[in-house]
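In: Turn this into a structure:
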Amino acid sequence: MVSLDGTLFIQIINFLFLIWALNTVLYKPIRRILSQRNEKITGLENGIDQSDQKSIEKDLALKSGIKQARENGLKEKEVFENEARAEELKIIEKINEKARTDLAQIREKIVQEADEARLTLLKEVDGFAEDISRRILGRAV
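Out: Below you'll find the predicted structure:
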């Protein structure tokens, strides 16, 4: 049979001292280290989430910037094309005007040369007619 004497109280005090000593020396430091590790992991997870969010925002900003740059580029391209078309029309108009001027000068020159040739031929018509009649008739007219 088990007798309840003073050793039971000593064992209870020994047990409580052992729990206190283990808690102080072993369990509290381990729990503190686990708590610090948990805080560190939570902080790293938050940092990862923030980095992911920032990278998503930067990606969206980059895509938006690229889209805006393309739109601006297309607008500038359109402006340049319109300016080029206007310049082309000016150049074509100048060329057409020069061609019209040259054509008018050539026509004037042709008319002048034709008039000169007609006058020259009219002066020589009598000589040619006399020469032809002499050859046809065989005598001077």
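
In: residues in contact with stretch 108-121?
Out: Where contact means Cβ atoms under 8 Å, 6 or more residues apart in numbering, no residue beyond stretch 108-121 reaches it. No exception for glycine: its C-beta is placed from N, CA and C like everyone else's.

In: CA atoms only for it, dumped as CSV, please.
Out: Coordinates of the C-alpha atoms in stretch 108-121 are reproduced here as CSV (Å, rounded to 0.1, in the frame of the first residue of the first chain):
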residue,chain,number,x,y,z
GLU,A,108,5.1,80.0,-128.9
LYS,A,109,8.4,79.0,-130.4
ILE,A,110,6.7,76.5,-132.7
VAL,A,111,4.2,79.2,-133.8
GLN,A,112,7.0,81.7,-134.4
GLU,A,113,9.1,79.2,-136.3
ALA,A,114,6.0,78.2,-138.4
ASP,A,115,5.4,81.8,-139.2
GLU,A,116,9.0,82.3,-140.1
ALA,A,117,8.9,79.2,-142.3
ARG,A,118,5.7,80.4,-143.9
LEU,A,119,7.2,83.8,-144.7
THR,A,120,10.3,82.3,-146.0
LEU,A,121,8.3,79.9,-148.2
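
In: and that stretch, average pLDDT?
Out: Averaging the model's pLDDT scores along stretch 108-121 yields 90.

In: How about stretch 36-44?
Out: In the prediction, stretch 36-44 has an average pLDDT of 97.

In: what do you get for stretch 129-137?
Out: In this model, stretch 129-137 has a mean pLDDT of 82.

In: Just the mean pLDDT for stretch 52-63, thanks.
Out: Rounded to a whole number, the mean pLDDT of stretch 52-63 is 96.

In: Check the gap between Leu4 and Phe15 for me.
Out: Note on Leu4: its distance to Phe15, by Cβ to Cβ, to the nearest Å, is 15 Å.

In: That'll do, ta.
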